[in-house]
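Engineer: sequence isn't available, so here's the structure alone:
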């Protein structure tokens with residue numbers, strides 16, 4: 001799991017069907033790599049995204065920076 005600021009609560013990413021989805025990071029239990037990108041797992045939900053797993057730390061940092069503006 002990645003460490004991220006408690007200020008980052010939501011990110012918006014493309015799912016594997018091409019739609020945009022909002023992910024509440026406070027509810028994410030696991031993030032793991034899949035062949036198509038990354039999967040975010042919650043208690044009752046799994047969201048597969050096209051976000052490359054290695055890009056997640058950058059994405060979280062960019063969202064944190066934008067949230068402070």
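Structural biologist: Structure received. Keep in mind that what you see is a predicted model, and the values were worked out from it rather than measured. Numbering: from 1, shown residues only.
Engineer: residue 9 contacts residue 24, correct?
Structural biologist: Yes. Residue 9 is within contact range of residue 24, at 6.4 Å (criterion: Cβ atoms under 8 Å). To be clear about C-beta, it is placed using only N, CA and C from the backbone, and glycine gets the same treatment.
Engineer: neighbour count winner among the two?
Structural biologist: residue 9 (15 against 11; other Cβ atoms under 10 Å).
Engineer: from residue 60, how far off is that one?
Structural biologist: Computed as Cβ to Cβ, to the nearest Å, the residue 9 to residue 60 distance reads 11 Å.
Engineer: quick one: common contacting residues for those two?
Structural biologist: Counting by Cβ atoms under 8 Å, 6 or more residues apart in numbering, the common neighbours of residue 9 and residue 60 are residue 25.
Engineer: got any ranges where the chain has weak pLDDT?
Structural biologist: The chain contains residues with pLDDT under 70 at 1-8, 61-69.
Engineer: again, 50 this time
Structural biologist: The model of the chain has pLDDT under 50 over residues 1, 63-69.
Engineer: that one: helices as residue ranges?
Structural biologist: 56-67 (DSSP state H).
Engineer: ranges for the strands of it?
Structural biologist: 10-14, 20-24, 30-34, 37-41, 46-49 (DSSP state E).
Engineer: which of these sits most buried?
Structural biologist: Most buried of those by mean neighbour count (mean count of other Cβ atoms under 10 Å) is strand 37-41; its value is a mean of 19.
Engineer: packing partners of that one?
Structural biologist: strand 30-34, strand 46-49 (3 or more Cβ pairs under 8 Å, 6 or more residues apart in numbering; DSSP states H and E).
Engineer: who wins for proximity to residue 20 among those?
Structural biologist: Closest approach to residue 20 among these (Cβ to Cβ): strand 46-49, 10.0 Å.
Engineer: hmm, who's touching that closest one?
Structural biologist: Counting by Cβ under 8 Å, 6+ apart, 13, 14, 15, 16, 21, 23, 34, 36, 37, 38, 39, 40 sit against strand 46-49.
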